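Chemist: what's the 3D shape of this:
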Amino acid sequence: MQHLRLTAAFVATVKPTRTVKTYGDGRGGYGLTLSVQPSGSKQWYQRVYVNRRPVNLGLGGYPVVSLADARRTALANARLVRSGHDPRRVSGTIPTVDEMLDAVIERDAATWRDPERTAREWRTALHTHAGPLMNKPVDEVTSADCIDVLSALWHSKRETGLRVRHRLAAVFKFALAKGHRTDNPVDAAKAALPNRRGDAQRKQRHPSLPYRQVAQALAAVDRADIWTGTKLAFRFLVLTATRSGEVRGANWSEINIADALWTIPGSRMKAGTEHRVPLSTSAMAVLASAKRLTTNELLFPTVRGKRMMDSPISKPLRDLGIAAVPHGFRSSFRDWAAERTSVPTAVVEAALAHRVSNNVEAAYFRSDLLEKRRELMQQWADFLEPPGPST
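Modeler: As a prediction, this is how the structure comes out:
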């Protein structure tokens, strides 16, 4: 057990290891500790007890904050605690839940495929469904507060409730790591919510149509009283067997008209790798109509020229009584390919941007099978929109 005081020489020369190492300032150090990260970063923190609860106070990083600076701050904090004050409140360092959310977004944005959109979704979800918590100091939120927020969503909006719980938990977990809390109130709230153990068993695949009904669905959407761009986006989604987000975020810079090819960058793909989509004659006709509709760099913008959200495509399906979601048409395509073509499974999986684990079929993936997929996608388009009789 370390009892020796830290020295300026030790702080300057201590080397990082493969794990985080901490070095206390010994007896009389008022809980001052130097944390050395594997990266070599050195951070000061102080362990104090406020209202009999342990709190870690961040004091800054070395060498910006020297050993002498850290000791002066630790002494000042110890005096505040002894007089019954919370050093965080005196210095005004307790952030609100909203401020902590901003910190989480700033920390994680670089890892998100679409940082701007994801940040907007996090903020919208929490401000809409956890509004009463957002302006509270992060250490004042109780598990009861979290239960009040989550219980209102737990049965009526199941998926929304899960997302809100996950995002609140991330906010409080970060607050815990920063020393602003000693617990995560979402953990206790989770235990108090109704049991959802059966959700995994009850969860179904994305609703999809039998492939023989897909052409009728296309025709129904085409007749619907909705924005033309939405009709085109839906048709393009079905013809290319791609995901809704890939279509809604598609840019003209990704399209090679001469080669009838759409190249989706890895940053917009679920697997994180670039995906080339061969375009059938029907898909090219959709693009020609989209080009006449707008000069926006997005293929299928909203009426106001913004990126389309999921609901403009999924809602018309519900309104028209079509028992499928946009993602489900990928399943329809796969069923059609299995039953109506002799194309190897590996080619179909490549068209869906899936990876194949079977070693024999995986051998096909030495290339992306573009030309084989081009033939397959044209067959799919001809099935959905049979060519007229020749004259």
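Chemist: what about stretch 216-226, distance to the chain center?
Modeler: The chain centroid and the centroid of stretch 216-226 are separated by 31 Å, computed with Cα atoms, centre = their mean, to the nearest Å.
Chemist: actually stretch 267-278, not the one I wrote
Modeler: The gap between the average C-alpha position of stretch 267-278 and the chain average comes to 16 Å, counting by Cα atoms, centre = their mean.
Chemist: list the buried ones in that stretch?
Modeler: Along stretch 267-278, the positions that meet the burial threshold by neighbour count (16 or more other Cβ atoms under 10 Å) are 268-269, 275-278. In short, each C-beta sits where N, CA and C put it, glycine included.
Chemist: any idea how far Leu34 is from Gly24?
Modeler: 8 Å (Cβ to Cβ, to the nearest Å).
Chemist: The two: which has the busier surroundings?
Modeler: Higher neighbour count among Gly24 and Leu34: Leu34, with 21 against 17, using other Cβ atoms under 10 Å.
Chemist: May I see the buried residues of stretch 267-278 arranged in a markdown table, with pLDDT as well?
Modeler: Conversion of the buried residues of stretch 267-278 to a markdown table gives the following (pLDDT from 0 to 100):
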| residue | pLDDT |
| --- | --- |
| Arg268 | 87 |
| Met269 | 87 |
| His275 | 91 |
| Arg276 | 93 |
| Val277 | 95 |
| Pro278 | 95 |
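Chemist: returning to what we had before: now do the shared contacts for Gly24 and Leu34.
Modeler: Contact criterion Cβ atoms under 8 Å, 6 or more residues apart in numbering; residues shared by Gly24 and Leu34: Leu6.
Chemist: Filter the buried residues of stretch 267-278 down to the ones in strands?
Modeler: Among the buried residues of stretch 267-278, the subset assigned to strands under DSSP state E consists of 275-278.
Chemist: List just the nearest of those to Thr17.
Modeler: Each of these was scored against Thr17 by Cβ to Cβ, and His275 proved nearest at 41.5 Å.
Chemist: bridging residues for the closest one?
Modeler: When bridges are taken as DSSP bridges, the partners of His275 come out as Ile264.
Chemist: and it, what is it in contact with?
Modeler: Going by Cβ under 8 Å, 6+ apart, His275 touches 263-264, 266, 269, 353, 368.
Chemist: repeat that for 7 Å
Modeler: 264, 269, 353 (Cβ atoms under 7 Å, 6 or more residues apart in numbering).
Chemist: can you check Val286 too?
Modeler: If you count contacts by Cβ under 7 Å, 6+ apart, Val286 has them with 232, 235-236, 239.
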